[in-house]
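Novice: just the structure for this:
(chains A and B)
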Number of protein chains: 2
Amino acid sequence: VTSADRPSPEPTQSAAWLETAHLLADAAGKTVLPYFRKRLVVENKAAAVHAGVGFDPVTIADVEAEQAMRKILAVRHADHGVIGEEFADHAGAGRFNWILDPIDGTRAFIMGYPMWGVLIGLLDGQTPAFGMMDQPYTRERFWAVADGKLPKAAFFRGPDGNIERLHTRPCARLADATLACTTLEMMQTRHEQAAFAEIAAAVRMTRLGGDCYAYAMLAAGQVDLVVEASLKAVDIAPLIPIIEAAGGVVTGWDGGPATAGGQVVAAGDPRMHAAALRILGNTRSDVMSV
Amino acid sequence: VTSADRPSPEPTQSAAWLETAHLLADAAGKTVLPYFRKRLVVENKAAAVHAGVGFDPVTIADVEAEQAMRKILAVRHADHGVIGEEFADHAGAGRFNWILDPIDGTRAFIMGYPMWGVLIGLLDGQTPAFGMMDQPYTRERFWAVADGKLPKAAFFRGPDGNIERLHTRPCARLADATLACTTLEMMQTRHEQAAFAEIAAAVRMTRLGGDCYAYAMLAAGQVDLVVEASLKAVDIAPLIPIIEAAGGVVTGWDGGPATAGGQVVAAGDPRMHAAALRILGNTRSDVMSV
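Specialist: Numbering: from 1, shown residues only, chains lettered A, B, ... in the order given. Sure thing, here's the model as predicted:
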């Protein structure tokens, strides 16, 4: 089923999603910030490690923020489903599912780095119809409405409260590209490691340590290419509308939809995306639309 | 010559340094911020690359910010020397030299990431006597007065304007440590690569992409260990007083002073520093003070 097969949501519906997302991001940020850079969080994790629970940098902040967002959704969109990181999926009555990652970049979070974000997306069937990324510490918010009768556009609200349109930047050749990736540990197979190494050797500059912030900067025309693997759906689905509405392309390494996660390649320039796909293992020259 | 051999500066002198540093950071931030995330900067760099100049992500922002800081120093401390990234060293009349890095983390800067900073240090002979790191976009400032009769203490001023003391956190064992490093490209010799790999294998978690922000978070008790190489003096000297005053230890991989750059290891806990030195190539069990 593609989006052409069914009616687009009405503008008022898209406006309601946006209003909901702002409320969700406000609530998540308010919940998470008191835990940012607090020693308590780290000590809890260390205790968990010493207790043999293993190292999983999910903090109490994640859980509480997802609870706060689910509470708002239950009131505002009782018929929508909810897919989150911390709790079981809540089945909705229709085609809409919210997809929430209260802290994308928990490792950055527990190191005190500001490069993490609250991810809020809405799936219309399998299609990402809306997305938002919020960084409450720097007071930066990125969002896009990618479906419906509203113009397909991505926006950024900065610390000063000003709202700007987001546009990716043109960059056709890998040799000119700035490449971002969260960590090489994402590349788990020999093919993934080799493909990433080939891309990294071809670009002008590679920087690790990105999480959702790398995709946001791609949408903002600051980064040309993000190549990752081992992503979960919640890590990428909310970002897809932002990247696409800003002029970028995001797919799996095979050129298919990136919504479910796994191997993901995002480019600000469709020519860059095609060049990257040629290395990442796609034999087709065309790019499937998500 | 150690600091014990000569008179400590007077408190009023330290207070004047701090006042100067705040003025320098304000001026540098005001100069640099209009260039942050502006497409112009990147296009200038791309033009330089196409012109065969090669890729050196130093922007016009660096140059203008250093000019602004040098102008203030010429008025306030005409007898002090200035060591900067962008202009020739200015010889002073005495033992004091300011050491300036207008944008530490230019790669983060040109990708739109907030993990760069303005570094301002003051050397008393070869000893870092004062240091400040400022992040003008997030409005975060870290500083310490490490000499003189003032208490040796490190401070943080956050986006809300509140000032807090900085303290490193205890973490004695590598197995519990969070390790930061800007990029593996810093490790240029086989020994450096092998030593870093051994440390990375021993710690709980490694995150790349840090620059000065990693050292600031170490001083803030969020990161346990930073291991880097190929640093310049301007990359590390201004950070040393902040780390030391917060309770951390920073030296070369050989346990000697880190002031000149090169191979640097910083730890929040002296026991962690000793454990790291054992791997990084030091055969002594004691830790030299800088």
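Novice: please list the residues of chain A that sit near chain B.
Specialist: Within reach of chain B by C-beta under 8 Å from any C-beta of the partner chain, chain A has these residues: A:37, A:39, A:42, A:46, A:49, A:55, A:57, A:107-108, A:110-115, A:137-139, A:159, A:169, A:176, A:178, A:180, A:183, A:204-205, A:207-210, A:213, A:217, A:220-223. For every residue, glycine as well, the C-beta is placed using N, CA and C.
Novice: which of those residues fall within strands?
Specialist: Within the residues of chain A next to chain B, residues falling in strands by DSSP state E are A:Thr178, A:Ala180, A:Met205, A:Arg207, A:Leu208.
Novice: ranking these by neighbours, who comes first?
Specialist: Among those, the one with the most neighbours (other C-beta atoms under 10 Å in any protein chain shown) is A:Ala180, at 29 neighbours.
Novice: on that earlier part again, of the ones in strands among the residues of chain A next to chain B, which is the nearest to chain B?
Specialist: Set against chain B, the nearest of these by C-beta to the nearest C-beta is A:Leu208 (4.1 Å).
Novice: what about the closest one, distance to B:Gln13?
Specialist: Using C-beta to C-beta, to the nearest Å, A:Leu208 is found at 42 Å from B:Gln13.
Novice: before we move on, back to that, give me the buried subset of the residues of chain A next to chain B.
Specialist: A:37, A:42, A:57, A:107-108, A:110-115, A:137-139, A:169, A:176, A:178, A:180, A:183, A:204-205, A:207-210, A:213, A:217, A:220-223 (16 or more other C-beta atoms under 10 Å in any protein chain shown).
Novice: what sits up against the host helix or strand of A:Ile279?
Specialist: When elements are defined using DSSP states H and E, A:Ile279 is found to belong to helix A:270-280. If you take C-beta atoms under 8 Å, 6 or more residues apart in numbering or on different chains as the criterion, helix A:270-280 is touched by A:171-174, A:177, A:195, A:198-199, A:202, A:224-225, A:227, A:248-249, A:251, A:253, A:255, A:263, A:265-267, A:284-285, A:287.
Novice: still on that earlier bit, now the ones in strands among the residues of chain A next to chain B in CSV, with pLDDT?
Specialist: Conversion of these to CSV gives the following (pLDDT from 0 to 100):
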residue, pLDDT
A:Thr178, 96
A:Ala180, 98
A:Met205, 94
A:Arg207, 94
A:Leu208, 94
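Novice: these into CSV, with extra columns for distance to B:Glu86?
Specialist: Converted to CSV, those look like this (distance: C-beta to C-beta, whole Å):
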residue, distance to B:Glu86
A:Thr178, 22
A:Ala180, 27
A:Met205, 20
A:Arg207, 22
A:Leu208, 27
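Novice: just to revisit the earlier point, and the contacts of helix A:270-280, which of them are in helices?
Specialist: A:Ala195, A:Glu198, A:Ile199, A:Ala202 (DSSP state H).
Novice: beyond the helix or strand hosting A:Ala68, next helix or strand please.
Specialist: Here A:Ala68, judged by DSSP H and E, is contained in helix A:60-76. Elements were assigned by DSSP H and E; along the chain past helix A:60-76, the next helix or strand is strand A:81-84.
Novice: for that following strand, what is the distance to the chain centroid?
Specialist: In terms of C-alpha atoms, centre = their mean, to the nearest Å, the gap separating the centre of strand A:81-84 from the centre of its chain is 15 Å.
Novice: check what pLDDT the residue in the stretch 1-150 of chain A that chain B sits nearest to gets.
Specialist: Of the stretch 1-150 of chain A, the residue with the smallest distance to chain B, taken as C-beta to the nearest C-beta, is A:Gly112 at 3.2 Å. According to the prediction, A:Gly112 has pLDDT 95.
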